[in-house]
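[1] This is the structure alone, sequence omitted:
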């Protein structure tokens with residue numbers, strides 16, 4: 001219990017720092033990951049022991065993901081008229097991500113297992129694990145990559161999109177929801193309510209589309225490569 005309280009306190013302090021000095025490098029998730037990693041290395045405590053001690057926090061992960069549907073409900077009136085466009089954008093994002101990953105793996109002569117591992121990274125971790133396992137990849141590596149992508153998007157996503165002159169919160173939300181999963185969606189929520197709602201919708205649609213489309217697309221790409 002003390003470990004859980006310490007972790008929560010650490011996140012609250014990190015969030016306070018981020019609100020005081022709103023910089024991409026001071027993202028609360030990034031700060032917590034860095035500090036906890038350093039503390040574990042200094043103390044000599046293994047990650048497995050820390051994970052077991054902080055298990056109550058992990059139990060709230062799924063309810064927290066479900067709670068992302070609340071801003072979706074709040075902004076439903078804005079999403080309904082453009083739902084088909086949102087669906088097409090999400091489909092395009094998942095397809096582009098898979099094709100780019102396949103192309104890079106081909107260019108760098110990645111083996112079949114690594115290539116299968118890289119195919120489903122634009123989706124939340126539980127779906128990634130299922131798809132990767134079905135394709136014959138390494139779920140643990142895929143999960144690590146998804147988390148890294150989520151953290152990167154949560155830290156730099158809004159900044160990059162703003163620098164690219166993308167001003168509409170809806171567009172920012174879709175981009176973060178498709179590519180950066182729950183962490184990106186959380187960042188979108190802090191940025192703007194509309195961005196959070198569209199990010200939630202895009203993340204949910206990404207999970208549904210990826211589960212059915214990525215294995216099919218991977219098979220098509222393999223066939224074309226032959």
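    Cool, the structure landed. Since the structure is predicted, the reported quantities are computational estimates derived from the model, not experimental observations.
[2] contacting residues for the residue positioned nearest the centre of the chain?
    For the chain, the residue nearest the mean C-alpha position is residue 181 (2.6 Å; CA atoms, centre = their mean). Counting by CB atoms under 8 Å, 6 or more residues apart in numbering, residue 181 touches 122, 123, 124, 125, 146, 149, 150, 153, 203, 206. (Each C-beta comes from the backbone N, C-alpha and C, glycine too.)
[3] And residue 69, what's its pLDDT?
    At residue 69, the pLDDT value in this model is 67.
[4] what comes up buried for the helix or strand hosting residue 38?
    Counting by DSSP states H and E, the secondary-structure element that holds residue 38 is helix 28-43. Neighbour-count burial for helix 28-43, counted by 16 or more other CB atoms under 10 Å, picks out 28, 29, 30, 31, 32, 36.
[5] And the contacts of stretch 117-132?
    65, 93-94, 97-98, 101-102, 104-105, 110, 116, 135, 137-139, 141-143, 145-147, 149, 178-179, 181-182, 203, 206-207, 210-211, 214-215, 218.
[6] So which of these are in helices?
    Judged by DSSP state H, these include 65, 93-94, 97-98, 101-102, 104-105, 116, 135, 139, 141-143, 145-147, 149, 178-179, 181-182, 203, 206-207, 210-211, 214-215, 218 as members of helices.
[7] where in the protein is pLDDT low?
    Counting by pLDDT under 70, the chain contains low-confidence ranges at 1, 24, 58, 61-62, 64-69, 71-72, 225-226.
[8] can you list the contacts of residue 181 in JSON lines and add distance to residue 171 and neighbour count?
    Shown next, in JSON lines, are the contacts of residue 181 (distance: CB to CB, whole Å; neighbours: other CB atoms under 10 Å):
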{"residue": "122", "distance to residue 171": "17", "neighbour count": "28"}
{"residue": "123", "distance to residue 171": "20", "neighbour count": "26"}
{"residue": "124", "distance to residue 171": "21", "neighbour count": "20"}
{"residue": "125", "distance to residue 171": "25", "neighbour count": "19"}
{"residue": "146", "distance to residue 171": "22", "neighbour count": "25"}
{"residue": "149", "distance to residue 171": "19", "neighbour count": "19"}
{"residue": "150", "distance to residue 171": "19", "neighbour count": "25"}
{"residue": "153", "distance to residue 171": "14", "neighbour count": "24"}
{"residue": "203", "distance to residue 171": "15", "neighbour count": "29"}
{"residue": "206", "distance to residue 171": "16", "neighbour count": "24"}
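[9] Go through stretch 3-18 and flag the buried ones.
    3, 7, 10, 11, 14, 15, 18.
[10] And for stretch 208-216?
    For stretch 208-216, using 16+ other CB under 10 Å, the buried residues are 209, 210, 213, 214, 215.
[11] quick one: the last one and residue 134, what's the gap?
    Read that as residue 215. Between residue 215 and residue 134 the computed distance is 6 Å (CB to CB, to the nearest Å).
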